[in-house]
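1. My questions concern the predicted model and sequence given below.
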Amino acid sequence: MAQQGVYAIVYFAEVIAASVVRGVCTHRFGRRPDDRGPLLERWIMLLAFLAMFVLPLIYALTSWLVWADYRLPIWMGMIGAVLFGIGIWLLWRSHVDLEHAWSAVAEIQQGQRLVMEGVYRHVRHPMYSAHLLWGLGQVLLLQNWVAGPAMLFAQALLLLVRVPREERLLLVEFGDAYRAYMGRTGRFTPRLRPPPNGKNRLSF
């Protein structure tokens with residue numbers, strides 16, 4: 001039980017750190033989007049908020065979810081903290097590299113350029129990669145079948161809905177340049193090797 005409490009403290013400390021990163025970067029680079037995005041995406045974002053904050057608080061502060069607890073070796077919780085920490089760094093780095101091209105919703109801004117430097121040199125959607133690392137860290141730190149995988153579940157829904165839409169918008173805006181960029185990068189992880197014969201073979 002003490003181990004679970006320590007991991008919960010670590011989790012919320014990293015949540016605070018991630019929230020500070022997002023807040024500072026939003027203040028520095030953010031802009032008011034032209035719209036609030038599709039209704040489905042807004043519902044999924046609400047679900048993500050519940051998964052990231054509300055369910056973990058219920059897990060940590062009440063006994064309501066104790067029936068769904070599981071136990072992992074100590075070293076797996078440590079790995080969870082490291083993964084979450086890498087996710088926080090990647091979240092910050094993604095904002096810095098993207099600068100004012102970032103928007104809270106999927107949209108193309110006037111005069112927007114295609115960012116292919118920094119972490120975007122290897123991965124097309126590193127902010128989503130950061131949140132996936134957050135989700136993996138949550139599974140290992142909050143060892144509960146409800147609170148643990150909640151973030152990964154919400155992020156999976158968001159990625160299924162938003163990423164194809166974002167990439168369609170970018171293909172319309174940047175055409176062959178973005179198509180070539182897709183061919184040499186992965187969506188959420190770097191390519192281990194270039195696609196054969198220069199074909200545009202998408203990777204995870």
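-> That came in fine, so what should we check first? Numbers count the residues shown, from 1 in each chain.
2. mind checking how far the residue nearest the centre of the chain is from Ser63?
-> The residue lying closest to the centre of the chain (CA atoms, centre = their mean) is His131, at 2.1 Å. Using CB to CB, to the nearest Å, we find His131 at a distance of 29 Å from Ser63. The way it works is simple: take the backbone N, C-alpha and C, and place the C-beta from them, glycine included.
3. could you say what helices and strands the host helix or strand of Ile86 packs with?
-> Using DSSP states H and E, Ile86 sits within helix 74-98. For helix 74-98, the packing partners by 3 or more CB pairs under 8 Å, 6 or more residues apart in numbering; DSSP states H and E come out as helix 2-29, helix 126-141.
4. Stretch 122-130: end-to-end distance?
-> Distance between the two ends of stretch 122-130: 14 Å, counting by CA to CA, to the nearest Å.
5. average pLDDT for it?
-> Stretch 122-130 carries an average pLDDT of 93.
6. now stretch 185-204
-> Averaged across stretch 185-204, the pLDDT comes to 66.
7. how about the nearest residue to Tyr11 once chain neighbours are set aside, what does it touch?
-> Nearest residue to Tyr11 in three dimensions, chain neighbours excluded: Leu141, at 4.4 Å (CB to CB, 6 or more residues apart in numbering). Leu141 makes contacts with Tyr7, Ala8, Val10, Tyr11, Gly77, Gly80, Ala81, Phe84, Gly148, as judged by CB atoms under 8 Å, 6 or more residues apart in numbering.
8. I'd like to know how many residues surround the third one.
-> Meaning Val10. 19 (other CB atoms under 10 Å).
9. What number of residues are in the vicinity of Ala130?
-> 27.
10. who's in contact with it?
-> Gly87, Ile88, Leu90, Leu91, Ser94.
11. Double-check Trp145 against Val66; I have them as touching.
-> No. Assessed by CB atoms under 8 Å, Trp145 is found out of contact with Val66, at 11.0 Å.
12. who's more crowded, those two?
-> Ranked by neighbour count (other CB under 10 Å), Trp145 and Val66 place Trp145 first, with 14 against 11.
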